[in-house]
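# Predicted structure and sequence below. I'll ask about it afterward.
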Amino acid sequence: MPRGGRRANSGRRRGSKNKATIEKAIIAERDLAETQASGKKLAKEVIEDLMNTFVDLAAYYRPVMPGQPETNRHADKDEFEKHAIHAFEMAKALAPYQSPTFRAVMVAPPPSQDQAQRVTRFTFSIFDGNRRDGPPIIEHDPPVPLNAAE
């Protein structure tokens, strides 16, 4: 029976989770279940509730825009502004939980011909035929550019 080395169909399957990842997922699920069982809300749920409350309060005190026929008997510009600012702050805090974050990716231009790396090829011939007494013969090819598609 062979020992050591790689054997077919041995080891953890590609893409499967290791023990540490599985344990972290179990702990996260347990914490979430405990939070839900205790009746406590998650922080993002509290932020969303506050945001909706401030949006409703801002709508209640919203002043009537010029040219609109309807009137709001509760219109108060200062109260509206105060609640709108709070709603904005809550929405800004909640946004990372609800939307993906996009980041700029910098793409480097391809290197010019002058900057291209060169490859040097060596051919070693230690024993040439039956000759074992002389020094090794080393052949050297000139440098070849990496993108030598020509």
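Structure's in. What do you need?

# Give me the helices and strands touching the host helix or strand of residue 95, please.
Per DSSP states H and E, residue 95 falls inside helix 77-98. Packing contacts for helix 77-98, counted by 3 or more C-beta pairs under 8 Å, 6 or more residues apart in numbering; DSSP states H and E, involve helix 43-60. All C-beta atoms are positioned from the backbone trio N, CA, C, and that covers glycine.

# and the gap between residue 43 and residue 34?
Residue 43 is 15 Å from residue 34, where distance means C-beta to C-beta, to the nearest Å.

# cool, residue 87 as well?
Where residue 34 is concerned, residue 87 sits at a distance of 31 Å (C-beta to C-beta).

# Have a look at these two and say which one is more surrounded.
Neighbour tally, residue 87 and residue 34, criterion other C-beta atoms under 10 Å: the higher count belongs to residue 87, 20 against 10.

# List the contacts of that one.
Residue 87 makes contact with 51, 54-55, 57-58, according to C-beta atoms under 8 Å, 6 or more residues apart in numbering.

# and of these, the nearest to residue 104?
Taking C-beta to C-beta as the measure, residue 104 lies nearest residue 51 of the contacts of residue 87, at 28.1 Å.
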